[in-house]
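> 3D, please:
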Amino acid sequence: MSRIGKKPVTLPKGVKVTVTGSEAVVEGAKGTLSCPIPKGITLDVQADSVTFTRANDEAQTRAYHGLSRALLGNAVLGVTEGWKKELDIVGVGYKAAMDGAKLNLELGYSHPIKYEAPAGITMSVEKNTHITVIGIDRQLVGQVAADIRKFRKPEPYKGKGVMYTGEVIRRKAGKTGK
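Below is the predicted model of the structure:
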């Protein structure tokens, strides 16, 4: 059996899970999320936990067993606590600022980059070089952070660019002199 799939998802107070057809809807204090339920996976919703069972032992069903448990667990954590990704900007003259709901980035190009976050995502900028992305959907928070990082990926020679907080950039030596 799947090690992840057989672990039950505990439901904190104030979180309600309802199963409708092929999706589970998770409601909590911060909002509502829906998770798809693949074929062959069934949910047993109790008062304080949700358990997952699979219909057969085919490879695809075994893979979906752990996946569906992980997705529902992420949704429960998202509607109770929320998800957060932090980015740092490194480089001379590189900076970020909030312009209303839009993120305004100056990353060494001839023009500033304006990025508007999708619905459900809030961004904030501290010290002109630290961006925080917050939301309840883990996948969406990660995608927004990856999109911002994509504007100027960190380069290995000087270490300049947009990187996740705590990310280690392996540095290269560069050209050698005479």
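
> which residues are in contact with stretch 59-67?
For stretch 59-67, the external contacting residues (CB atoms under 8 Å, 6 or more residues apart in numbering) are 1-5, 38-41, 52, 54-55. No exception for glycine: its C-beta is placed from N, CA and C like everyone else's.

> May I see these organised as TSV, with pLDDT and secondary structure added?
Output for the contacts of stretch 59-67, formatted as TSV (pLDDT from 0 to 100; DSSP: H, G, I helix; E, B strand; the rest coil):
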residue	pLDDT	secondary structure
1	52	coil
2	66	coil
3	83	coil
4	83	coil
5	83	coil
38	91	coil
39	89	coil
40	89	coil
41	90	strand
52	90	strand
54	90	strand
55	89	coil
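
> In a markdown table, list those residues along with neighbour count and distance to residue 145.
Shown next, in a markdown table, are the contacts of stretch 59-67 (neighbours: other CB atoms under 10 Å; distance: CB to CB, whole Å):
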| residue | neighbour count | distance to residue 145 |
| --- | --- | --- |
| 1 | 11 | 34 |
| 2 | 17 | 28 |
| 3 | 7 | 28 |
| 4 | 14 | 24 |
| 5 | 21 | 28 |
| 38 | 15 | 27 |
| 39 | 9 | 32 |
| 40 | 16 | 33 |
| 41 | 19 | 29 |
| 52 | 23 | 29 |
| 54 | 21 | 32 |
| 55 | 11 | 36 |
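
> Could you single out the nearest of the residues you listed to residue 159?
Distance to residue 159, by CB to CB, is smallest for residue 4 among these, at 35.8 Å.

> Nearest spatial neighbour of the closest one, chain-adjacent residues omitted?
residue 66 (4.0 Å; CB to CB, 6 or more residues apart in numbering).

> next one: residue 101
residue 116 (6.7 Å).

> where along this structure do the strands fall?
9-10, 16-20, 23-27, 32-36, 41-45, 49-54, 83-90, 95-99, 102-106, 113-116, 121-126, 130-135, 161-164 (DSSP state E).

> average model confidence for the helix of greatest length in the chain?
Longest helix in the chain by number of residues (criterion: DSSP state H): helix 59-80. Helix 59-80 shows a mean pLDDT of 92.

> And for stretch 157-167?
Mean predicted confidence for stretch 157-167 is 92.

> same deal with stretch 112-120?
92.

> Could you check stretch 92-99 and say which residues are buried?
94, 96 (16 or more other CB atoms under 10 Å).

> Quick one: residues in contact with it.
By CB under 8 Å, 6+ apart, stretch 92-99 touches 89, 103-108, 114, 123-125, 128-129, 131, 152, 160-162.

> Please apply the same query to stretch 41-57.
Contacts of stretch 41-57 (CB under 8 Å, 6+ apart): 2, 5-6, 8-11, 17-19, 24, 37, 40, 61-62, 64-65, 68-69, 72.
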